[in-house]
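[1] Build me a model from this:
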Amino acid sequence: MSVNSALKFLTAFLFMLMPACVFAQGGSAPAMFDVREVVIQFTSFGDPETANSCGLSREELASMLNKTLQDNGVPAIPVTEANPPVIGTARIELLPEIFSFNSQGLDCTSWVSLTAQSRNSLHIPPVNISRNVTVTYWRQGLLLSSSQATHEHIVSDALQKLTLQFARQYRLDQPAVAPKP
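    Prediction:
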């Protein structure tokens, strides 16, 4: 590798790191700063029949998500218990999605993802008309493959891992609490 190629590679690498550095110095708030409600949506299955044949249950996954979030200090609310949004209270939705494929009835492969987002109306120049936008605050996913008999356990563990990563990021994004005198 020539010196010129090495310098180009190093420059490209540093530019990839630049947004993280700019964010840290820019004075902007973290993505989930001061979010007070996290509404847990039902798991969306790409193909409900395949998900069922792989042993996946919407109710069990929802219960696990809610418990994991509550245990980790996230103000989580199941969608069935959520009140209408209140002006001045920041709210995001947590959307679990699972897309499964069943190979000849023996093995299951699933893409498991978790997304934190909100839907808002904004005025975006140059047109002064309100537009609906979806803001994504956090997103992670995993690709899993296992036997049909163990797939439910593997997917549940993966979704719990993603939920713990989300909870950690949520806590990091919250404002510091001032110590009481």
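[2] Just confirm residue 123 contacts residue 130, I think it does.
    Yes - counting by Cβ atoms under 8 Å, residue 123 does reach residue 130; the two are 5.9 Å apart. All C-beta spots, glycine's among them, are computed from the backbone N, C-alpha and C.
[3] Residue 79 and residue 42: what is the separation?
    Distance, residue 79 to residue 42, by Cβ to Cβ, to the nearest Å: 6 Å.
[4] More neighbours: which of the two?
    The neighbour comparison of residue 79 against residue 42 (other Cβ atoms under 10 Å) goes to residue 42, with 15 against 12.
[5] thinking that one is in contact with residue 60, fair?
    No - Residue 42 is not in contact with residue 60 according to Cβ under 8 Å; the separation is 11.8 Å.
[6] Can you identify each of the helices in this protein by residue range?
    In the chain, the helices defined using DSSP state H lie at 3-25, 48-53, 58-71, 151-173.
[7] what sits against residue 43?
    Counting by Cβ atoms under 8 Å, 6 or more residues apart in numbering, residue 43 makes contact with 56, 58, 61, 62, 96, 97, 98.
[8] Ok, residue 103 next?
    Residues near residue 103 by Cβ under 8 Å, 6+ apart: residue 109.
[9] Quick check: the gap between residue 108 and residue 65.
    For residue 108, the distance to residue 65 - Cβ to Cβ - is 20 Å.
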